[in-house]
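# sequence unknown, structure follows:
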Ligand code: ATP
């Protein structure tokens with residue numbers, strides 16, 4: 001399957017409302033599992049619908065390989081049925097009067113695929129999704145998660161080069177959701193389908209994607225592997241959107257003692273002229289020491305008081321207070337700490353994410 005390329009894509013729904021998608025440039029390679037991640041209203045669904053052909057661009061261009069599928073300036077628009085893509089939305093609709101098997105082979109019958117081939121393909125996807133045992137049942141006799149698997153099977157049966165999924169797991173409970181994530185990864189590996197997957201759930205994106213495109217207010221914030229996004233966030237928005245508990249942000253322009261300490265410490269590393277705006281510290285990058293003597297040389301440090309120890313089952317969230325400022329850290333080792341204890345909070349130099357006054361990444 002050829003690459004999907006979005007060039008300077010803009011989408012306006014008209015009126016005075018801001019652009020739903022603003023100058024988006026994105027290339028999705030063959031066999032990628034691309035997650036579009038961002039908060040509600042950031043334009044992810046609109047982007048997916050434009051790729052599918054369910055929504056036209058206001059300006060810009062979408063190409064599939066060399067073929068322009070949408071470009072208002074060239075007067076070109078290819079309808080969804082001509083793009084060879086499969087779509088599964090949050091609210092998937094199965095035919096209530098058809099059995100699971102008939103639901104699964106629906107698209108193949110529509111395309112008049114010969115019977116033998118149809119049966120072979122349906123058998124393959126039903127096996128891959130473990131729904132063979134329900135073949136003679138009707139949708140109303142299946143759970144929501146089982147129905148969602150049938151919706152996926154129906155899509156995969158027609159063997160689309162590209163699978164477009166809009167929050168397809170959002171109706172499932174936590175366990176089933178996890179199972180379906182693993183299932184999707186297997187499907188991706190087995191069918192080598194290009195997948196574009198919309199989610200607002202950072203963990204879903206982190207666990208599934210080969211690359212993540214983070215969006216906010218219609219604008220692409222960063223595109224990269226899950227590790228890139230987590231370890232080298234391009235700006236404050238990405239740093240704060242990804243990670244749980246969220247990253248601790250220090251405002252380097254403030255006169256709070258913790259912020260002043262971080263600013264002075266960073267100035268010695270980055271020089272006096274650095275345009276310091278804020279610094280981010282991931283909870284797992286922070287540690288506590290009982291005495292300053294136990295803080296590794298060169299680390300950023302500040303005195304703190306332990307104010308909360310929250311077990312989360314196998315790991316702990318520790319809340320400390322630095323002169324009125326609450327900071328969270330996480331640990332996977334049982335903490336030998338008591339509430340009210342005075343400690344030293346510290347972090348390795350490389351674990352500080354530094355952002356300029358324009359909120360873009362400076363260093364770290
Ligand atoms: P969600 O996760 O809530 O679905 P999203 O990131 O997918 O959000 P979109 O649905 O793409 O966001 O919406 C982007 C912006 O465009 C929002 O401000 C939304 O209100 C607006 N919008 C979406 N569809 C329409 C429409 N049909 N008419 C007018 N405005 C729309």
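Received the coordinates, thanks. All values derive from a computational prediction rather than experimental measurement.

# so the residue nearest the centre of the chain is in which element?
Central residue of the chain (C-alpha atoms, centre = their mean): residue 205, 3.1 Å from the mean position. In the assignment (DSSP states H and E), residue 205 maps to helix 202-208.

# mean confidence score for that helix?
Averaged across helix 202-208, the pLDDT comes to 93.

# Domain map for the protein?
Annotated domains of the chain cover 4-241, 248-363 [automatic domain parsing].

# Show me the one of those domains that comes nearest the ligand.
Across the domains of the chain, the ligand has its closest neighbour in domain 4-241 (3.0 Å, C-beta to the nearest ligand atom). To be clear about C-beta, it is placed using only N, CA and C from the backbone, and glycine gets the same treatment.

# Any residues of the stretch 101-250 of the chain in contact with the ligand? List them.
Within reach of the ligand by C-beta under 6 Å from any ligand atom, the stretch 101-250 of the chain has these residues: residue 200.

# how about the strands of the stretch 101-250 of the chain, start to end?
Secondary structure of the stretch 101-250 of the chain (DSSP state E, counting those that start in this stretch): strands at 162-166, 194-199, 211-216, 219-224, 248-251.

# Take the ones you listed and lay them out in JSON lines including mean pLDDT.
Listed next are the strands of the stretch 101-250 of the chain as JSON lines, based on pLDDT from 0 to 100:
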{"stretch": "strand 162-166", "mean pLDDT": "90"}
{"stretch": "strand 194-199", "mean pLDDT": "94"}
{"stretch": "strand 211-216", "mean pLDDT": "98"}
{"stretch": "strand 219-224", "mean pLDDT": "98"}
{"stretch": "strand 248-251", "mean pLDDT": "96"}
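
# Can you add mean neighbour count and give the ones you listed back as TSV?
Output for the strands of the stretch 101-250 of the chain, formatted as TSV (neighbours: other C-beta atoms under 10 Å):
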stretch	mean neighbour count
strand 162-166	23
strand 194-199	24
strand 211-216	24
strand 219-224	20
strand 248-251	20
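
# Counting neighbours, what do you get for the spatially closest residue to residue 149 that is not a sequence neighbour?
Spatial nearest neighbour of residue 149, chain neighbours left out: residue 129 (4.7 Å); criterion: C-beta to C-beta, 6 or more residues apart in numbering. By other C-beta atoms under 10 Å, the residues close to residue 129 number 22.

# ok, residue 129 touching residue 153?
Yes - counting by C-beta atoms under 8 Å, residue 129 touches residue 153, with 4.7 Å between them.

# Run through the chain and note the low-pLDDT ranges.
89-92, 171, 363-364 (pLDDT under 70).

# Report back the residue of it that's furthest from centre.
Most distant residue from the mean C-alpha position of the chain: residue 293, 40.5 Å away (C-alpha atoms, centre = their mean).

# Am I right that it sits in a strand?
No - per DSSP: H, G, I helix; E, B strand; the rest coil, residue 293 lies outside any strand segment and is helix.

# Now for it: which residues touch it?
Not one residue lies near residue 293 by C-beta atoms under 8 Å, 6 or more residues apart in numbering.

# one more time with 10 Å
Going by C-beta atoms under 10 Å, 6 or more residues apart in numbering, residue 293 touches residue 344.

# what do you get for residue 326?
Contact partners of residue 326, counting by C-beta under 10 Å, 6+ apart, are 248, 304, 307-308, 319-320.

# taking those residues one by one, which sit in strands?
Under the assignment DSSP state E, the contacts of residue 326 contribute 248, 304, 307-308, 319-320 to strands.

# Apply the buried test to those and list what passes.
By neighbour count, with 16 or more other C-beta atoms under 10 Å, those hold 248, 304, 319-320 as buried.

# Next, format these as a markdown table and append distance to residue 217.
Output for these, formatted as a markdown table (distance: C-beta to C-beta, whole Å):
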| residue | distance to residue 217 |
| --- | --- |
| 248 | 24 |
| 304 | 35 |
| 319 | 31 |
| 320 | 33 |
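
# what's the offset of stretch 345-359 from the middle of its chain?
Stretch 345-359 sits 23 Å away from the centroid of its parent chain (C-alpha atoms, centre = their mean, to the nearest Å).

# What's the end-to-end length of it?
End-to-end distance for stretch 345-359, by C-alpha to C-alpha, to the nearest Å: 25 Å.

# which parts of that stretch are buried?
Neighbour-count burial for stretch 345-359 flags 345-347, 351-356 (criterion: 16+ other C-beta under 10 Å).

# Apart from its neighbours in sequence, what residue is nearest residue 358?
Setting aside the residues directly before and after it, residue 358 is nearest to residue 277 in space (C-beta to C-beta, 6+ apart), at 7.1 Å.

# er, residue 173 I mean
Excluding its sequence neighbours, the residue lying closest to residue 173 (C-beta to C-beta, 6+ apart) is residue 145, at 7.6 Å.

# wait, the one you found sits on residue 177?
Yes - with contact defined as C-beta atoms under 10 Å, residue 145 reaches residue 177; the gap is 8.3 Å.

# how about the helices in the stretch 251-364 of the chain?
Ranges of helices within the stretch 251-364 of the chain are 257-270, based on DSSP state H, counting those that start in this stretch.
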